[in-house]
Structure formats: C-alpha cells, structure tokens
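Chemist: Okay, here's the prediction I keep looking at, along with the sequence it came from:
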Amino acid sequence: MKEHLWIRLAVGLALACAALVAQAGEAGSAGATTAPRLAGRLASSPVVAVGHVSRVQPFDHDRVRVIYLTLDRILKGEERLGAGGGALEIVEMRDRPSAPGLLNAGDYAVVFLSRMKRGSYLDETLGWARRWQASGGASGVIADADQTSVRAAAALVGRLADWSRNPAVTAGERADARRAWVFDAVSGDHWALVEEGAAGLTEIQGLDGDLQPIERARLEKAVQRGDLPPRVRAALIAAIGDAGLTSLGPTLVTLKIDAPEVLEASWQAQTTLGVPPRTADIERRLRDGKPAVRAVAARGYVNTAPKDAVPALGRFLAGEDDPTVRIAALEALGTLEDEEALKVIETSFVEDGELAVRQAAGRVVFEQGGDVAAESLGRLAFEAAPEGQRHAVALLMALRRPADDPTLKRLREKHSDPKVQELLEHGFPDGHH
C-alpha cells in the first residue's frame, strides 16, 4: 500500500481542487449573508417592543442571560402581553461567555420577539416565568445607547406595522409611501436603517431616471458617512450601482475609503456607472500597507483594465510578500480567457516558494476546464519541481480527459518519472480499498 501513498496524496489535492470549484459556484449563487429585511422580521415576530434595558443578569456561568426590558411602546402584539405589560424578560442563550451580549444595560432598543419555549434546563436555571426571546438572535434587535437613533428606527418600524394593518388603497400610493420610507431609512442615524434603505433602493422602479435632488442629497450624505459599519456602507454603495444611479458616480469617485470591502464595492459601482477607477489609483492601492486592500486592488485591476492588469500583476506577484494576496491575484487572473494571464499563473505554480500559493495556482488552472486546462497542466507536468509535476498530473487526471487525449499521450511517451507513469497507467486508486 505504501507505493500508492503518494498517488493518494496527489489525488487528494486534485479532488480538493475540484471540490473548491463546486463550493465557489455554490457560494456565488447563494450570495452574501445579510440580515432579514425589516418587513420580514416584523411579519414573523408576534411582538415588537421598544424600551430600555434596565439590567442584564447572567446565570449558569453566563451560559444564559435574562435581559430586563422596561417598555416604552409596543409596535405590534400588545394583546399578547397580557396584564402587567410594563416590562419583559428576554432570554439570551449563549454559546460561550466571551461572546458579545445581545443587549447591555442602558441600551435603548427595538426588539422583535417570539415566545421562549419552556424546557427543563431553563426551568431549573431560571425558575418558571413567562419569557421571550429575540427573533433570529442578533438580527431581532436594533439597539444603541443613543435613544434618538433608536427612536427614529422605532418610528420607521411603526410605519411598516401601520401599513400592514391599514395598507394604502392604490398601488401608486403604496409605491410612493414605500419610496419615501426607503429614503427616510437611508438618512437614518442607526446603521440598521441605512442597511434597510440600501436594500430597498433597487426595488424602486425607474429610480435611475427619476432621482429627485433631495433624494440624491440624502444618498450623497449617507455614502460619505465614516461611522457606518463597513459592511453597511459597502451595501449602500453597491445598491447605488445596482440601481444605475449615474448621477452618484462622481460622488463615489471622491469618497475617502479605508475599508477593503467598501473600496471593492465602490470600484464595482463606479465601473457599472461608467466612471471606473483610474489605473493610477489601482496601482497606488497595490502598494497599500493592508494586505486585504492589495487583494482588492488586484481584483479591481483585472475587472477594469484586464489587458494592462496581466503584465502589471505578473510584476506584482514577483514582489508581493503576503501569500493570501498572491492567491487573490491569481484567482483574479484566472477569470480572464487570456494566454498571457495563464502564463503568469503557470509561473506561480512553478516558482512560488509557498505551497499554498502553488496549490492555488493549480486550482485556478483546473478551474479553466477543457482543453485550456489540460494543455496547461500538461506543460506544468514537465516544468514544475517533481512534486509539482505529480500534482499537475493528478489535476489533469481529475479533469477526466478521454484516454486518447494528446496531452495524456505525450506524458505517457515522454515523462521520465515512474510515479507519474504509475498514475497515468493505473489512474485513481479505488477509494473503497
């Protein structure tokens, strides 16, 4: 069995590459994970309450917390609270004591609530009581120590609740009300409102040709905010691009951005709106001190100036110290159907001093598929170091080329490594033995 060990290792690398390809496709189709929309949270929560957290009490070594919420307003489900509805006990189940708390004493909050089911553990730990839980955990809470921003959020959630009870008569009235709500949300102090407003932008029909000056001003102010979480700011910028709001293009060009995800969203939106980033700006970011920013710059170069990007990233790869950035550059180059880009990737497969980068280069070649990948792997089977040659052959075999494939034929006739010949002759070992 020892003589087949190296084959099993090579096959493992090849099949891992194939699995990564499949996973990448699934991830792309699933999209990024985002919080549930406010309307959905409202519909799925029997009670929506507004109030301040008077105290938070831990139990069982902080595995459970009880949050005591003093109520100011009930946006939905007042009839479910019964008598003595001036305060609620909200249970937070915790995976580990070091996890951040759902709510902290002093917070003011809008909380989407569902009934907490009884169980022996909770009864023994807390005693019996009528308790609630935040629907969806953290996504069921809009909170801040600043009451002003949360009160504004509560007002907007309250408007959604009112619409569900008393919808506007005509479709036009409903669309106008929704549009006004979206821009009020974009202008909200709390980041959760901005996130919701961003999600609603692309749902407004014809917005690209009918953006009003006050609406544009609100969007400009929102995208310039430096206090938003990067994820939210990136989502807002992406929504502007997706909505085709060309008048916002110049604003995006002038934004001051440090966070990698915001920079990437801005460049993509700029490109969509017809004002792509300048090559000089991209090259400046390739010299940024943050590896994540350099990775964004590599992808941005390929997306905006692919012909210039190939030789530039070839030079960049030779001097880049961070393996994760080199991998990002290779993956970006792999999206191009370009012979010169493929040569750069092959050079990394042969010459890079980091195993993870060489493996990534092999995966990128494998992802090309078809004759392009087969011919490239055939070259690498001769040009790489011995271990890399075997890896290339294993990847080639994983492509499931026909037995009379000319690349396989050339390897059988000319390759001098007995281990390569063994793999070519016997293929992948049966995994059942």
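Modeler: Okay, I see it.

Chemist: from here on, contacts and neighbour counts on C-alpha atoms
Modeler: Fine.

Chemist: For burial, what's the neighbour tally of His61?
Modeler: A total of 9 residues lie near His61 under the criterion other C-alpha atoms under 10 Å.

Chemist: I meant Leu411, not that one.
Modeler: For Leu411, using other C-alpha under 10 Å, the count is 19.

Chemist: my read: it touches Gly378, true?
Modeler: Yes: here Leu411 reaches Gly378: they are 7.4 Å apart, a contact under C-alpha atoms under 8 Å.

Chemist: How many residues are close by Ala318?
Modeler: For Ala318, the neighbour count with other C-alpha under 10 Å is 13.

Chemist: Validate this expectation: it resides in a helix.
Modeler: Yes: looking at Ala318 with DSSP: H, G, I helix; E, B strand; the rest coil, it is inside a helix.

Chemist: Which helix or strand lies directly C-terminal to the host helix or strand of Leu236?
Modeler: Using DSSP states H and E, Leu236 falls within helix 230-242. Counting by DSSP H and E, the next helix or strand C-terminal to helix 230-242 is helix 249-253.

Chemist: Point out the other helices and strands that that following helix packs with.
Modeler: The contact analysis (3 or more C-alpha pairs under 8 Å, 6 or more residues apart in numbering; DSSP states H and E) places helix 249-253 against helix 260-272.

Chemist: so the helix it packs on versus helix 230-242, what angle?
Modeler: Relative orientation of helix 260-272 versus helix 230-242 (axes from the mean of the first three to the mean of the last three C-alpha atoms, to 10 degrees): 0 degrees.

Chemist: name the helices or strands packed onto helix 260-272?
Modeler: Judged by 3+ C-alpha pairs under 8 Å, 6+ apart, helix 260-272 is in contact with helix 230-242, helix 249-253, helix 291-304.

Chemist: what's the closest non-adjacent residue to Val302?
Modeler: Ala309 (5.4 Å; C-alpha to C-alpha, 6 or more residues apart in numbering).

Chemist: and Gly378, what is it in contact with?
Modeler: By C-alpha atoms under 8 Å, 6 or more residues apart in numbering, Gly378 lies in contact with Ala392, Val393, Leu396, Thr407, Leu408, Leu411.

Chemist: The second one: which element?
Modeler: So the one you mean is Val393. helix 386-398.

Chemist: Reduced to three states, what does Ala109 come out as?
Modeler: strand.

Chemist: Against Arg55, how distant is it?
Modeler: Going from Ala109 to Arg55 by C-alpha to C-alpha, to the nearest Å gives 13 Å.

Chemist: Tell me, please, where in the chain the pLDDT is lower than the cut-off.
Modeler: Scanning the chain with the threshold set as pLDDT under 70 gives 1-36, 83-85, 427-433.

Chemist: mind listing the strands for it?
Modeler: Secondary structure of the chain, counting by DSSP state E: strands at 47-59, 64-76, 87-93, 108-115, 132-134, 141-144.

Chemist: The helix holding Leu236 packs against which elements?
Modeler: Applying 3+ C-alpha pairs under 8 Å, 6+ apart, one finds that helix 230-242 contacts helix 191-201, helix 213-223, helix 260-272.

Chemist: Dump those helices to a markdown table, plus distance to Ile327.
Modeler: As requested, the helices and strands packed on helix 230-242 are arranged in a markdown table below (distance: least, C-alpha to C-alpha, whole Å):
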| stretch | distance to Ile327 |
| --- | --- |
| helix 191-201 | 31 |
| helix 213-223 | 30 |
| helix 260-272 | 16 |
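
Chemist: Let me have the ones you listed in TSV, extended by mean neighbour count.
Modeler: As requested, these are exported to TSV (neighbours: other C-alpha atoms under 10 Å):
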stretch	mean neighbour count
helix 191-201	23
helix 213-223	16
helix 260-272	23
